[in-house]
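S.K.: Have a look at this fold, sequence not included:
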Ligand code: FSO
Ligand code: SF4
């Protein structure tokens, strides 16, 4: 075994990637990512044992978020960039240690490396499998994956200038706890729920950051065809990158299209003023393999999910920013004011052919909490009259596995008096199906990106209040969630912390759940996998 990673849904054989990642991550990248997580834990150890206030270490806070984000599935494949980040984190850790005396720090806070070879040697001893007990390992990793998702959302909020230092303080506490051998499995289960609680805060923070800067998402019809101009495709989740790109492309004759998780940007009022913001091109992240070929122009990745490009020609058109990275692709770095210069992308676009049209029509979305609550009377009336029998939360991620066809079929076969609430790239399995509406309420309500699952929780809590219920589980809402990477893990933990029960998770349960931990999730929270479409619909509809 040369590496070990089981953090995402596509992990090899459902148990772990041991030679090369199904995502394309090689042994070196996997090991460097393990070491980056380890040094981040070391910083957490220094902060917790040294009782350092997160308020006083702003740069460390930001680099911890970035480091965790870098290790999310499909975000960064660039060995050199990860190595540089390890060096930076060791340096920050050593600076921080000067504030601490008289406490025994862990190895993660003390180790030193001198070069790539010593990094890889150290990494081999500190990865996931260094925790021998499989249940403790399972709980520790579930917490770490939740923290990675939390860090990604907090990092986006930070880019808009919003912070909640309680979240940073919690990240230190939780990371340090994953190295504490005195904690019992029960302690770790409790910490898992605490992670979910802070996940709610992180999503609320990002929601506040996005809506205060770009307005509340509103019902919007997004064109999925193409225009005749050369164009740039922007993917990932970072709205500040999109804003800067739209500003810089004004008047250049270059259009901007969204891909995958950037689609919901169209729902924000602030981006509607850009006449070159042309529409959405293609489907979810994994479809980039063919869609980047026909798009013809340059692509900007602001976060995951990157699939290793099939050709040099496509690699040459990919640019990355923020936590994302790919070897051989240009990485755009901000100046000291956070400004990014996208001239190279714009100039490349001008020389490229316009995108080839691969579909035509529109997608309707923009049903985040503010918009849905504005329609609350209509929605409540439809529920009371029986026109809407049930809501299905089908948020989460899409992925490559054939078994994900389940979600298309599930959406198609749902009774016509049901409504799908969605967020994240999972939507691409059914958002072009034309499932109709119920008295003017579309049967697929897209709240936005995966982080906008927060909106779905706000909507559920609002409905609970309107219907005068004591428990969110009494609502006519079923949860059939598709997961792929660690942002989905924090969304799941957030829902559990809000008391949501009986969530179905597919297309497969996480490989990082040991049998005992899976049993706890089943017994305590009613978590289940998915079966056949027909059986599941019967089960959900209570037939
Ligand atoms: Fe999808 Fe990728 Fe948004 Fe994830 S594009 S899979 S959960 O990064 O973050 O939903
Ligand atoms: Fe395997 Fe997923 Fe880890 Fe990639 S991120 S190495 S596919 S488990």
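M.R.: Alright, I've got the coordinates. None of the values given here were measured: they were computed from a predicted structure. Ligands and ions are numbered 1, 2, ... in the order given.

S.K.: hang on, residue 367 packs against residue 446?
M.R.: Yes - between residue 367 and residue 446 there is a contact under Cβ atoms under 8 Å: 5.9 Å. For every residue, glycine as well, the C-beta is placed using N, CA and C.

S.K.: which residue sits closest to residue 12, ignoring its sequence neighbours?
M.R.: residue 22 (5.6 Å; Cβ to Cβ, 6 or more residues apart in numbering).

S.K.: and the gap between residue 396 and ligand 1?
M.R.: 7 Å (Cβ to the nearest ligand atom, to the nearest Å).

S.K.: Count the residues that sit near that residue.
M.R.: Residue 396 sits with 30 neighbouring residues when counted by other Cβ atoms under 10 Å.

S.K.: Please apply the same query to residue 467.
M.R.: Neighbours around residue 467, by other Cβ under 10 Å: 13.

S.K.: one step back: now do the SS call for the residue nearest to residue 12.
M.R.: coil (DSSP: H, G, I helix; E, B strand; the rest coil).

S.K.: i'd like the first residue to be 8 from this point on
M.R.: Happy to do that; since the first residue is 8 now, the last one works out to residue 29.

S.K.: quick one, what contacts it?
M.R.: Contact partners of residue 29, counting by Cβ atoms under 8 Å, 6 or more residues apart in numbering, are 17-19.

S.K.: let's go with 10 Å and repeat that
M.R.: 12, 15-20, 80, 406-408 (Cβ atoms under 10 Å, 6 or more residues apart in numbering).

S.K.: cool, and residue 408?
M.R.: 16-17, 29, 293, 491, 513-515.

S.K.: just the residues you listed that are near ligand 1?
M.R.: Subset of the contacts of residue 408 in contact with ligand 1: residue 491, counting by Cβ under 6 Å from any ligand atom.

S.K.: For the contacts of residue 408, pick the one with the most neighbours.
M.R.: residue 491 (30 neighbours).

S.K.: pretty sure residue 205 contacts residue 172?
M.R.: No - the criterion here is Cβ atoms under 10 Å, and residue 205 misses it with residue 172 at 11.7 Å.

S.K.: so where do the helices sit in the stretch 58-207 of the chain?
M.R.: 65-77, 86-104, 114-117, 123-133, 141-166, 172-184, 192-221 (DSSP state H, counting those that start in this stretch).

S.K.: for the stretch 208-357 of the chain, that is, sorry about that
M.R.: Using DSSP H, counting those that start in this stretch, helices in the stretch 208-357 of the chain cover 246-256, 295-302, 319-322, 350-358.

S.K.: so which of those gets nearest ligand 2?
M.R.: helix 295-302 (15.4 Å; Cβ to the nearest ligand atom).

S.K.: same question for the helix or strand encompassing residue 53, mean pLDDT?
M.R.: Element membership for residue 53, per DSSP states H and E: helix 34-56. Averaged over helix 34-56, pLDDT sits at 98.

S.K.: and the angle for that helix with helix 86-104?
M.R.: Put simply, helix 34-56 runs at 20 degrees to helix 86-104, going by axes from the mean of the first three to the mean of the last three Cα atoms, to 10 degrees.

S.K.: quick check, distance from helix 34-56 to the centre of its chain.
M.R.: The chain centroid and the centroid of helix 34-56 are separated by 20 Å under Cα atoms, centre = their mean, to the nearest Å.

S.K.: Mind listing what's buried along stretch 431-447?
M.R.: By neighbour count on 16 or more other Cβ atoms under 10 Å, the buried set for stretch 431-447 is 431-439, 442, 445.

S.K.: now stretch 516-526
M.R.: 516-521, 524-525.

S.K.: likewise stretch 275-283?
M.R.: Quick answer for stretch 275-283 (16+ other Cβ under 10 Å): 275, 277-278, 281, 283.

S.K.: give the contact list for residue 478.
M.R.: Residue 478 touches 471, 506-508, counting by Cβ under 10 Å, 6+ apart.

S.K.: could I get these as TSV with distance to residue 45, pLDDT and neighbour count?
M.R.: Shown next, in TSV, are those (distance: Cβ to Cβ, whole Å; pLDDT from 0 to 100; neighbours: other Cβ atoms under 10 Å):
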residue	distance to residue 45	pLDDT	neighbour count
471	42	95	17
506	34	96	10
507	33	97	22
508	35	97	14
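
S.K.: Helices - which of these land there?
M.R.: If you go by DSSP state H, the contacts of residue 478 have residue 471 in helices.

S.K.: can I get the contacts of residue 478 in TSV with distance to residue 222?
M.R.: Below are those laid out as TSV (distance: Cβ to Cβ, whole Å):
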residue	distance to residue 222
471	27
506	31
507	28
508	34
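
S.K.: Return the member of the contacts of residue 478 nearest to residue 165.
M.R.: Using Cβ to Cβ, residue 507 comes nearest to residue 165 of the contacts of residue 478, at 27.6 Å.

S.K.: still on that earlier bit, quick check: ChimeraX command selecting the buried ones in the contacts of residue 29.
M.R.: One line in ChimeraX is enough to select the buried ones among the contacts of residue 29; burial here means 16+ other Cβ under 10 Å:
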select :12,15,16,17,18,80,406,407,408
